[in-house]
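Engineer: Sequence and predicted model, in that order:
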Amino acid sequence: MEIRRASRKDAGNLAALFKHVEDSGYMLFNPGERKATAKQMEKQLEQIEKNPPSIVLVSASGNELKPNLIGQSNGPNEAFRQNRHRHP
């Protein structure tokens, strides 16, 4: 198993994984509330790739994503002026 940055080629698997995890009832959204399609996930990952401080990490074995680790960080947010001095 490896931990790596998610890419647009992961969009379909990531959308299915989000559905599986959200169906557990332990996530922010209720089961079935968010309809994340592969196309929507691809657009989201494309936007994240264009914003270098942002990242989505996944655990994978080959092309198969594993549900035991998903991480996302949006990095420093330029909209918050008080954080500008902390991140060059």
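Structural biologist: Structure's in. What do you need?
Engineer: Let me know the secondary structure of Ala15.
Structural biologist: Following DSSP: H, G, I helix; E, B strand; the rest coil, the label given to Ala15 is helix.
Engineer: ditto for Leu65
Structural biologist: strand.
Engineer: check contacts around it.
Structural biologist: Asp10, Asn13, Leu14, Leu17, Val58, Ser59 (CB atoms under 8 Å, 6 or more residues apart in numbering). Glycine gets a C-beta too; all of them are placed from N, C-alpha and C.
Engineer: and with 10 Å instead?
Structural biologist: Shown in contact with Leu65 (CB atoms under 10 Å, 6 or more residues apart in numbering): Arg4, Ala6, Asp10, Gly12, Asn13, Leu14, Ala16, Leu17, Phe18, His20, Val58, Ser59.
Engineer: what about the first one, how many residues close to it?
Structural biologist: Using other CB atoms under 10 Å, Arg4 has 12 other residues around it.
Engineer: ok, it to Lys66 distance?
Structural biologist: 11 Å (CB to CB, to the nearest Å).
Engineer: Could you name every residue contacting both of these two?
Structural biologist: Val58, Ser59, Ala60.
Engineer: element containing Gln44, please.
Structural biologist: Here Gln44 sits within helix 38-49, counting by DSSP states H and E.
Engineer: same for that helix, what does it pack against?
Structural biologist: Counting contacts by 3 or more CB pairs under 10 Å, 6 or more residues apart in numbering; DSSP states H and E, helix 38-49 is packed against strand 2-5, helix 11-22, strand 55-61, strand 64-73.
Engineer: chain center to the first one, what's the gap?
Structural biologist: Averaged C-alpha coordinates place strand 2-5 at 12 Å from its chain's average position (CA atoms, centre = their mean, to the nearest Å).
Engineer: what's the burial count for the residue nearest to Val56 when sequence neighbours are not counted?
Structural biologist: Spatial nearest neighbour of Val56, excluding adjacent residues (CB to CB, 6 or more residues apart in numbering): Ala6 at 4.1 Å. Neighbour count for Ala6, taken as other CB under 10 Å: 23.
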